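Engineer: following is a predicted model, sequence given first.
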Amino acid sequence: MTPIKKNQAKKYHVAKTTCPSFPFAKKLVTLLVAATTTVGAGVSYAATEAEQLSSQNLPSESGTANAQQLPLVTVKAEGEPKDSYKAKAAAVGTFSSADLLNTPASISVITRSVLDDQQSRLLSDVVRNDASIDNDYTPLGYYENFSIRGFPLDLASSYQLDGMTLSGEQNVGLENKERVEVLKGLAGLQGGLAAPGGLINYVSKRPANVASMTLGTDSRGSRYVATDVGTLFGDQKQFGLRINAAHEGINTYVDGVSGNRNFLSLAADWVISRSATLQFNIEDQHSQQLSVPGYQLLGGTVVPANVSPSRLLGGQPWSKPVTMDSLNANVRLDIDVNPDWHASLAVSRSRVIIDDNSTFPYGCFYVSSCGAGGTPPQYFSATGDFDIYDYRFPNDTRRNDQVQAVLQGKLALAGMRHDLTLGVSSFRRTVSLSDGVNEYVGSDNINNPSPLVFAPSGDTPSASTRRLDSRQQGLFVLDRVQLSERWQVQAGARQVWLREQAFDDTGATTRTTDKTMLLPQLALLYKPQAAMTLYTSYSKGLTMGGQAPFWATINPSAFLPPTVSRQIEAGIKFEVSNQLLLSAAIFQMTKPYEYPKPEGADIEYVQEGTQTNKGIELSAAGQVTKRLRLTASFAATQAIATNTGTSAYDGHQAINVPRLRGSIYADYAVPGVVGLNLLGGWEYSARKPATRAGDVDVPSVNLFNAGLRYGTTLAGRQTVFRLAIDNLLNKQYWKDVGEYLGDGYLHLGAPRTARLSVQYEF
């Protein structure tokens, strides 16, 4: 039998957004980097207020001038938390930091204190704090993806670093991040072409006088060391540098699966004058680890039972690790034109090179039990047989380049105050891929106690060539109009010009996409009191079409055209105190439904019908009492397809979308023991459909987490010990059961894991 090849193999994700390359951008980056390196870089944090705001990436109200005029004041209290788990502002919903209370969108912010207390290493450790976010193809040892409000994010356009688009095919290092911001819902105005679920934005730490080291381990003997060193210098502390570095030796709960990670970043700021500042960030990460592939439904209808998360399914002695090298850099120049107007220019590059290797279990094309009882060959057989492929795709390269200029200011017209934002953005994404090796080497069974060993394929991967060149230009405007003391209107739009070209391995053009569209956003805000905001909004988004699976007989591996999404949302936010924010939102989102449609004996990947996601979100973040602070989030989501042309797919919950999710994380200061805090949390997910027909579910799950934090002094220096235990009751569960390029996979969650760290300030 001729071996089955997946020409657009399971991990290609040949992406989905873009924009043009500009020679002046390269020159500007070179000049700014050179200037920053020469001068040393850094922003003045001489004022107490400015220092606090800089930790949130916020400008002081009177601009950079205050940062040079006020004296430095440092206040510390032993055992006192760095923050209340409540963020005051976020940048992800607008084009600069904006007050969360008065932003007409559902936004969550996971602060640095939460990241530290939970000892987060991956984004999956972070987003579990928001019930609206769920895993969507998150194999261990590979880059992760997620869904928001039931819609999977786009790796090409749904992730940002400091407000600039980031290549999502990487596990971003968290050591140099101050917080992680999540915009839930359509983000057409903010990002142009983007998935309807929303945006995730990482915010970098800024330079400050800091010096600390963290040592850590876990219950499997992993090793972790990280340093955070920064300084402010110059006559007026106008320069600043901050270096974060980390090394991680990873031992996982899967037998024989280990890895390592090295991370290094530099942040540099320079207050050029009273009205101009320059910021520069660069981070480099190298990781190497065997990937752990998922299971598939048995016969396409049964969830595998009695399987262990410690088994590497399809593993071979010659299996190679996945290697990822990522480089993310951005430069931002801010200028106060006058007291009312501010301009900024930002340039960024995000590049990821992946040596994508796996002994990948997929389908049952080559086993005699395949097809029994109508088993589709793209699933494991009903008896648990599966095929193994030698999968090697070196030099899988994704690169995002962006330039964005923004002008923001205030003016009065017709007796009303306008907060106006004008901007232009240019974004380019390129993808280079090898034809690689994806060859059948043998078959095994999930219940085999002694996994079989096969010889690797003798084939050699081809050279990596350009497969996608996607360019997106945008012109956007946002106006916030103060109608009265209580009423505000926020109106905005982004004009998008998209041009994409796809190529085959010979360089011949296989697809050209040209799309022009206006993406509006309108919101009405009402403030019955200063601490409360009610809002309603409408927005429109543009999303790249999906890619057909290789086994679609009519249009295999084809990319579908862009689609339009729409959303209406209403919400309320209430600031109980300066340290506690409560919020609630209801929403309805619609998007054309994409799926492999049976056409007699053939299959065509189509856009037919509508998927409508409706839901309600509740959240709380901050200091509840003097001793208790928490984050809490609950989300109920109904995700249903209609008029698809395939009746089995109509009228039930969408694949991998639970109807209810909840998350609570709390920190309680123990009375009578200075510096000792009890930490703990709860995560809940209702059952998830594992098929588009909704006839197979994985069970619901409750996970409990616990921990301790103890702050003290050693040799006169602040020292913090942290213990975190995840999945305290050692539940076995399926963390995600979504599709990837048309194929369904089931990934097991991690068993009980304990992490221990000590952070020492020197």
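Structural biologist: Thanks, I have it. Numbering: from 1, shown residues only.
Engineer: now do the helices in the chain.
Structural biologist: 23-39, 48-54, 65-69, 112-117, 123-127, 188-191 (DSSP state H).
Engineer: can you give me how far stretch 474-481 is from the chain middle?
Structural biologist: Mean C-alpha position of stretch 474-481 versus that of the full chain (CA atoms, centre = their mean, to the nearest Å) differs by 25 Å.
Engineer: show me which positions of it end up buried.
Structural biologist: Counting neighbours by 16 or more other CB atoms under 10 Å, one finds that the buried residues in stretch 474-481 are 474, 476, 478, 479, 480, 481. Where C-beta positions appear, they are placed from N, C-alpha and C, glycine not excepted.
Engineer: hmm, the third one is touching residue 418, no?
Structural biologist: Translated: residue 478. No - assessed by CB atoms under 8 Å, residue 478 is found out of contact with residue 418, at 10.3 Å.
Engineer: ok, so what distance separates residue 567 from residue 634?
Structural biologist: 20 Å (CB to CB, to the nearest Å).
Engineer: out of these two, which sits in the busier spot?
Structural biologist: A count of neighbours by other CB atoms under 10 Å puts residue 567 above the other of residue 567 and residue 634, at 23 against 18.
Engineer: residues in contact with the more buried one?
Structural biologist: Contacts for residue 567 (CB atoms under 8 Å, 6 or more residues apart in numbering) come out as 185, 186, 196, 537, 538, 539, 540, 541, 587, 588, 589, 590.
Engineer: cool, and residue 489?
Structural biologist: Contacts of residue 489 (CB under 8 Å, 6+ apart): 480, 481, 483, 522, 523, 524, 525.
Engineer: neighbours around residue 627, how many?
Structural biologist: By other CB under 10 Å, neighbour count at residue 627 equals 13.
Engineer: over to residue 647?
Structural biologist: Neighbours of residue 647 (other CB under 10 Å): 8.
Engineer: so how far is residue 457 from it?
Structural biologist: 42 Å.
Engineer: where does pLDDT dip in the stretch 51-200 of the chain?
Structural biologist: 51-82 (pLDDT under 70).
Engineer: just the strands in it please.
Structural biologist: Secondary structure of the stretch 51-200 of the chain (DSSP state E, counting those that start in this stretch): strands at 89-90, 98-99, 106-111, 133-135, 146-148, 151-152, 159-161, 164-165, 177-184, 198-204.
Engineer: also the stretch 651-762 of the chain?
Structural biologist: If DSSP E, counting those that start in this stretch is used as the criterion, the strands of the stretch 651-762 of the chain fall at 660-669, 676-685, 688-689, 697-698, 701-714, 717-726, 734-736, 739-740, 743-744, 747-748, 753-761.
Engineer: I'd like to know which of those is closest to residue 497.
Structural biologist: Minimum separation from residue 497 across those (CB to CB) falls at strand 739-740, 29.8 Å.
Engineer: tell me which strands the closest one pairs with, and in which orientation.
Structural biologist: Next to strand 739-740 in the sheet, as set by DSSP bridges, lie strand 743-744 (antiparallel).
Engineer: how about the contacts of residue 567 in JSON lines, adding distance to residue 262 and neighbour count?
Structural biologist: Below are the contacts of residue 567 laid out as JSON lines (distance: CB to CB, whole Å; neighbours: other CB atoms under 10 Å):
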{"residue": "185", "distance to residue 262": "36", "neighbour count": "27"}
{"residue": "186", "distance to residue 262": "37", "neighbour count": "34"}
{"residue": "196", "distance to residue 262": "36", "neighbour count": "30"}
{"residue": "537", "distance to residue 262": "43", "neighbour count": "22"}
{"residue": "538", "distance to residue 262": "46", "neighbour count": "14"}
{"residue": "539", "distance to residue 262": "40", "neighbour count": "25"}
{"residue": "540", "distance to residue 262": "43", "neighbour count": "19"}
{"residue": "541", "distance to residue 262": "37", "neighbour count": "30"}
{"residue": "587", "distance to residue 262": "41", "neighbour count": "22"}
{"residue": "588", "distance to residue 262": "45", "neighbour count": "14"}
{"residue": "589", "distance to residue 262": "40", "neighbour count": "25"}
{"residue": "590", "distance to residue 262": "44", "neighbour count": "17"}
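Engineer: next, the contact list for residue 372, please.
Structural biologist: Applying CB under 8 Å, 6+ apart, the residues near residue 372 are 299, 381, 382, 383.
Engineer: could you dump the contacts of residue 567 to JSON lines with distance to residue 293?
Structural biologist: Formatted as JSON lines, the contacts of residue 567 follow (distance: CB to CB, whole Å):
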{"residue": "185", "distance to residue 293": "32"}
{"residue": "186", "distance to residue 293": "33"}
{"residue": "196", "distance to residue 293": "28"}
{"residue": "537", "distance to residue 293": "40"}
{"residue": "538", "distance to residue 293": "41"}
{"residue": "539", "distance to residue 293": "37"}
{"residue": "540", "distance to residue 293": "37"}
{"residue": "541", "distance to residue 293": "32"}
{"residue": "587", "distance to residue 293": "34"}
{"residue": "588", "distance to residue 293": "36"}
{"residue": "589", "distance to residue 293": "31"}
{"residue": "590", "distance to residue 293": "33"}
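Engineer: which residues touch residue 734?
Structural biologist: With CB under 8 Å, 6+ apart, residue 734 has these contacts: 303, 688, 690, 698, 699, 746, 747, 748, 749.
Engineer: how many neighbours does the closest residue to residue 721 other than its chain neighbours have?
Structural biologist: Leaving aside its chain neighbours, residue 721 sits nearest to residue 710 (4.6 Å; criterion: CB to CB, 6 or more residues apart in numbering). Neighbour count of residue 710, defined by other CB under 10 Å: 17.
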